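Visitor: 3D, please:
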Amino acid sequence: MSAAMADQEQESVIRVRECLAAAEVPGQVRRLDDSARTAAQAAAALGVEVGQIASSLVFLADGKPVLVVASGGHRVDTDKVAAILGASEVSKASADDVRTATGFAIGGVAPVGHPEPLRTVIDVALSQYDEVWAAGGHPHYVFPTSYDELLRITAGEAAEIGA
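Guide: Modelled structure (predicted):
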C-alpha cells in the first residue's frame, strides 16, 4: 500500500472513530485482514449472517444525495425509497457523487462521518439482529452496533426498503 493510500485509509477511519466516540457508541472499529467491499465479503470475514451487514448506500433523490442503510440480505427498492422520501426519482449515485457526499469511497462508506449530514433511511430488516456491522470508513474496517444505535447516530428514519 502506498503512503498516500495509507494516509487516506487512516484519515477516513479516524473520522469514523471520532464520530462514534462523540456519539458514545461502545463498539470498536475493527480492521479486517481481507477487504469487505460487499456485504457477503464482510459477513464471511466476520462469521455472521449477511443480513447483519448494514450496507451504507448513497442514492440521488431528485438529484440530492441520501443515505440508505440496507440489510446486506436486501436489494434496495428505489420505488419504495422514492415514496418514503417524497421524491419523483431515486437513482444510484456515481462513485464521484458518493465520495463528494460522504467523504468515503464505495465499499467503505460509513453511516457516520460525512462532511454534511445526509438524510438517512434505515432498513427495518436490520432490527431482527441484536448486533449489526457497518463499514468503518474503508473497505477493510467495520464496527459493531445495533439497529437502535444506527437510528440514533444517523438520525435515520426506519423504513421497509427491501426489494
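
Visitor: what's the distance between residue 61 and residue 99?
Guide: Relative to residue 99, residue 61 is positioned 18 Å away (criterion: C-beta to C-beta, to the nearest Å). From N, CA and C alone the C-beta is placed, and that goes for glycine too.

Visitor: between the two, who's got more neighbours?
Guide: residue 61 (22 against 15; other C-beta atoms under 10 Å).

Visitor: Not counting its neighbours along the chain, what's nearest the more buried one?
Guide: Leaving out its chain neighbours, the residue that sits closest to residue 61 by C-beta to C-beta, 6 or more residues apart in numbering is residue 87, at 3.8 Å.

Visitor: Can you tell me the closest non-neighbouring residue to residue 72?
Guide: That would be residue 39: by C-beta to C-beta, 6+ apart, it lies 2.7 Å from residue 72.

Visitor: Tell me where the model's unsure across the protein.
Guide: Applying pLDDT under 70 to the chain flags residues 1-9.

Visitor: Just name whatever secondary elements the host helix or strand of residue 152 is in contact with.
Guide: According to DSSP states H and E, residue 152 maps onto helix 147-154. Helix 147-154 is packed against strand 64-71, strand 119-123, strand 132-135, with contacts defined by 3 or more C-beta pairs under 8 Å, 6 or more residues apart in numbering; DSSP states H and E.

Visitor: Pop out the phi and psi values for the residue minimising distance to the centre of the chain.
Guide: The geometric centre of the chain, computed from its C-alpha atoms, lies nearest to residue 56 (C-alpha atoms, centre = their mean), at 2.3 Å. Here is the backbone geometry of residue 56 (degrees, to the nearest 10): phi -90, psi 110.

Visitor: for residue 159, same thing?
Guide: phi -160, psi 160.

Visitor: can you give me the helices in the chain?
Guide: Secondary structure of the chain (DSSP state H): helices at 3-22, 39-46, 78-85, 95-102, 147-154.

Visitor: you'd agree the residue nearest to residue 72 is up against residue 55?
Guide: Yes - using C-beta atoms under 8 Å, residue 39 makes contact with residue 55 at a distance of 5.2 Å.
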